[in-house]
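Trainee: next input, structure requested:
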Amino acid sequence: MKQKLLLGILLIFSIKSFSQDSKFSLELNYPLTVGDNFIGKNYNGIIDLGVKYRFANLEFLNIGASLNGGILKNSKDDSFQPFDVTVFAIQPSIFAELDIESLTKFHPSIGLGYTFMNFKTSGIDGFNFSNPDLSSSSQTENGINLNLGLVYDITKKLFVQVQYDLIKIGVEDGVPDTSYNTNITILKFGFGLRI
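Mentor: Numbering: from 1, shown residues only. Coordinates of the predicted model:
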């Protein structure tokens, strides 16, 4: 079994070493919660990992699909809540990235996708919830995601990036339909590797 796995990994790397123009990239980002919304005011970013695949290379534009997964954390130490909350975000999207000859190292992009955010609570033992909906240990929110990004190439393979995500989620009955409750904004700073 180990020999087959090792052979598979060796085969993938040998194919990639002969490829002329890679369509895949891997990213490691730090998500910074910003804005006047319930995420920006109460959560801290931990990590965001992403993978991109460029499936169409036009003359000055690359079109592709991406998948990001991130973690945000709000602990009871820095909150009015007497329990910990961890948010796991999954963000599939389609993006368009400019590839202009006069700006060889800069690549602005725009993306449209959907975000799934799973809120997991811990440390609620002994806490008496008056609302049974709040006593659950997991809740999912989701909505449309628009992002703007800028990549700067350090080398042909290595790059740094910044990305702004605006996520518009729905609200449940009884929750005011305000931008504080429905708009989530996250800045991501990181680096990536084209493979």
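
Trainee: neighbours around the nearest residue to Ile169 once chain neighbours are set aside, how many?
Mentor: Counting by C-beta to C-beta, 6 or more residues apart in numbering, Ile169 lies nearest to Gly143, which is 3.6 Å off, once chain neighbours are set aside. Where C-beta positions appear, they are placed from N, C-alpha and C, glycine not excepted. By the criterion of other C-beta atoms under 10 Å, Gly143 has 17 neighbours.

Trainee: just checking, Gly143 touches Tyr114?
Mentor: Yes. Here Gly143 reaches Tyr114: they are 7.3 Å apart, a contact under C-beta atoms under 8 Å.

Trainee: in this structure, where is pLDDT below threshold?
Mentor: Applying pLDDT under 70 to the chain picks out residues 1-21, 75-82, 124-136.

Trainee: would you list every one of the helices in it?
Mentor: Taking DSSP state H as the test, the helices found in the chain are 2-18, 38-42, 179-182.

Trainee: flag every buried residue along the last one.
Mentor: This points to helix 179-182. Asn181, Thr182 (16 or more other C-beta atoms under 10 Å).

Trainee: which helices and strands sit right next to it?
Mentor: Counting contacts by 3 or more C-beta pairs under 8 Å, 6 or more residues apart in numbering; DSSP states H and E, there are no secondary-structure elements packed against helix 179-182.
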